[in-house]
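In: the sequence and its predicted three-dimensional model are supplied below.
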Amino acid sequence: MQLLSDEVKGFLGNSSMIRRMFEAGIELKRTYGEDNVYDFSLGNPDLPPPPQIKQAMLEIAEESDRPFAFGYMPNAGENSARNALSELISGEQNCPVPPENIIVTCGAAGGINAFFRATLSAGDEVLCIAPYFVEYGFYAGNFGGILKPVMANKDFSLNIGNIAQAITPATRAIILNSPNNPTGVIYGKEELSAVASLLYEARKKYGRMIYIVSDEPYRFLNYDDCEVPSLFDIYDGTAVIGSFSKTLSLPGERIGYIAVNPALENAAELLGGLTLTNRTLGFVNAPVVAQKLIARCPHARIDLNVYRRRRDLMAQILTDAGIRFVMPKGAFYFFPESPTADERIFVDALLKERILAVPGRGFGLPGYFRLAFCVSEKTIANSAESFIKAAAACKN
């Protein structure tokens, strides 16, 4: 008797490699101890939240005896949270973004799902740049959409020719994730403007809106003071989706937002649809405590220098091991080239040296692998010899 749909059974089968890595990590830590296993597999920030968060939590706790202190909130978000986000996003996007153009969501993932539920019809295509965050395919597929990966350049910059060839009458959106997971690349204004030009031409040709979904949960993690351009300045059909999982080390609180470009004609219609889907997908409203935190601490941030030091240390270790990589400008990942054509062989070699990494094919690009450096400097430093041994084993 079949308990699952064919689609979900297929998803489970395809995810077995990552599940095997997770289970192998548990066994390694049990055998060798936590300090002797170097787990770079998950992008789970280890830094504590900024001190302002603790103070805000204490203040919120003092309000707990008030009626409806933690009751239902408006589906689009509580006013104070939307006002705080309006100030923050207006600064980031270089234009006034009123509170009514912002929907508070259950993390960036909840925001993307609410957006696709509101805008996708069966068979609509969503372009994304490969390599890409693997969950995008699920998010689009949840609502009948089809994810269509478009290969980036060798340095992970946008390949405008590939994007132009990928646009069809079925194109409904393109996801741009900058700073990027898994590569750490930050897209420049010139290449983003080129994408916008393609979309304006396609809209005129096919007579339908094509959105840019700017997925920006890593915007703050920018190590070289690069410009992270405002897509609101570049393209009217942009929805910026972000979260505070990384900037405040609050991934479990599930707090994010959708901001719709005020320049979009009839933006109120889209915002009405997003408010509806934010409710009917079962989210109802974003977590109340997290909304109160954001209202109090929209500008709080973790210490960027901690991640900057970790990035530089990891870069040195990979260089010493002879592993080639593009230096990440943002986020907290490396996406190096595997010494073996089939990166799973090298990931297994790393596993034998008690290093956990994720094969690149899980992100749409075989021959590479991902390392998350949101772990302690001690863990990174102690992994050096293991990287050298794994790389040497694969060259023999």
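Out: Happy to help now that I have it. Since we're looking at a predicted model, the values are computed, not measured. Residues are numbered from 1 along each chain as shown.
In: mind listing the strands in the chain by residue range?
Out: 38-39, 102-105, 125-130, 146-151, 171-177, 211-215, 238-243, 256-260, 333-334, 355-356, 358-359, 369-372 (DSSP state E).
In: need those in CSV (columns: mean pLDDT, distance to Leu58 and mean neighbour count).
Out: (Each C-beta comes from the backbone N, C-alpha and C, glycine too.) Below are the strands of the chain laid out as CSV (pLDDT from 0 to 100; distance: least, CB to CB, whole Å; neighbours: other CB atoms under 10 Å):
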stretch, mean pLDDT, distance to Leu58, mean neighbour count
strand 38-39, 93, 32, 22
strand 102-105, 98, 22, 28
strand 125-130, 98, 41, 24
strand 146-151, 98, 43, 18
strand 171-177, 98, 35, 23
strand 211-215, 98, 33, 26
strand 238-243, 97, 23, 26
strand 256-260, 97, 24, 26
strand 333-334, 98, 34, 26
strand 355-356, 94, 37, 22
strand 358-359, 94, 38, 24
strand 369-372, 96, 31, 26
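In: for the ones you listed, give me CSV that also has distance to Ser249.
Out: Formatted as CSV, the strands of the chain follow (distance: least, CB to CB, whole Å):
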stretch, distance to Ser249
strand 38-39, 17
strand 102-105, 19
strand 125-130, 26
strand 146-151, 29
strand 171-177, 20
strand 211-215, 19
strand 238-243, 12
strand 256-260, 14
strand 333-334, 16
strand 355-356, 21
strand 358-359, 21
strand 369-372, 14
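In: out of those, which is closest to Arg344?
Out: strand 358-359 (5.2 Å; CB to CB).
In: compare the strands of the chain and give me the one nearest Glu63.
Out: Evaluated over the strands of the chain, closeness to Glu63 peaks at strand 102-105, with 18.4 Å, by CB to CB.
In: for the closest residue to Asp39 other than its chain neighbours, give its distance to Arg311.
Out: Leaving aside its sequence neighbours, Asp39 sits nearest to Leu356 (CB to CB, 6 or more residues apart in numbering; 4.5 Å). When CB to CB, to the nearest Å is applied, the distance between Leu356 and Arg311 equals 18 Å.
In: my guess is the residue nearest to Asp39 contacts Gly25. True?
Out: Yes: in this structure, Leu356 is within contact of Gly25 by CB atoms under 8 Å, at 4.8 Å.
In: shared neighbours of the two, which are they?
Out: Applying CB atoms under 8 Å, 6 or more residues apart in numbering, one finds that Leu356 and Gly25 are jointly contacted by Val37, Asp39, Ser41.
In: neighbours of Lys389, how many?
Out: 16 (other CB atoms under 10 Å).
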